[in-house]
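quick check, what structure comes out for this input:
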Amino acid sequence: QVQFEESGGGLVQPGESLTLSCTASGFISDGDALGWFRQAPGQDLEGVSCISSNDDSPYYVDSVKGRFTISMDSAKNMGYLKMTDLKPDDTAVYYCAPVLATLCAYLSVVVPNTPLGRGTQVTVSS
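Okay, here's the model as predicted:
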């Protein structure tokens, strides 16, 4: 089973930027896409962004559109989530995981295909 490890989180002030990295221990299968999720304290897991290795089409939840950019380097088994203009509501633990490529566009229902790793904490506070 492919393992995913997130890094790059931290404490930033509102308006600042962070880039999260996702390292996979193996290749993402053709039927899967790379998803980023987040979970704020007391909140459910939320699908934030998704990108398919088949067509590189990115998808974003409305609250991050225009601020977050997802990318994937399939050759290096790496994924990234560039986050700009961060807001306090972005505070959460962020996770990456494979998801079904057919659900990539439906972030409100997409779920991770594998157990989540430890995630990386992003805290936005002044």
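
how many neighbouring residues does Gly8 have?
For Gly8, the count of nearby residues is 16 (other CB atoms under 10 Å). Where C-beta positions appear, they are placed from N, C-alpha and C, glycine not excepted.

how far away is it from Pro115?
21 Å (CB to CB, to the nearest Å).

residue contacts, Ser57?
Applying CB atoms under 8 Å, 6 or more residues apart in numbering to Ser57 gives the contacts 51, 104-105.

export these as JSON lines, with columns for secondary structure and neighbour count.
Shown next, in JSON lines, are the contacts of Ser57 (DSSP: H, G, I helix; E, B strand; the rest coil; neighbours: other CB atoms under 10 Å):
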{"residue": "Ile51", "secondary structure": "strand", "neighbour count": "25"}
{"residue": "Cys104", "secondary structure": "coil", "neighbour count": "23"}
{"residue": "Ala105", "secondary structure": "coil", "neighbour count": "13"}
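
how far away is the most centrally placed residue in the chain from Ser108?
Residue closest to the mean C-alpha point of the chain, counted by CA atoms, centre = their mean, is Trp36 at 1.9 Å. To Ser108, Trp36 is 14 Å away according to CB to CB.

if anything else comes up later, I'll come back, but that's it for now.
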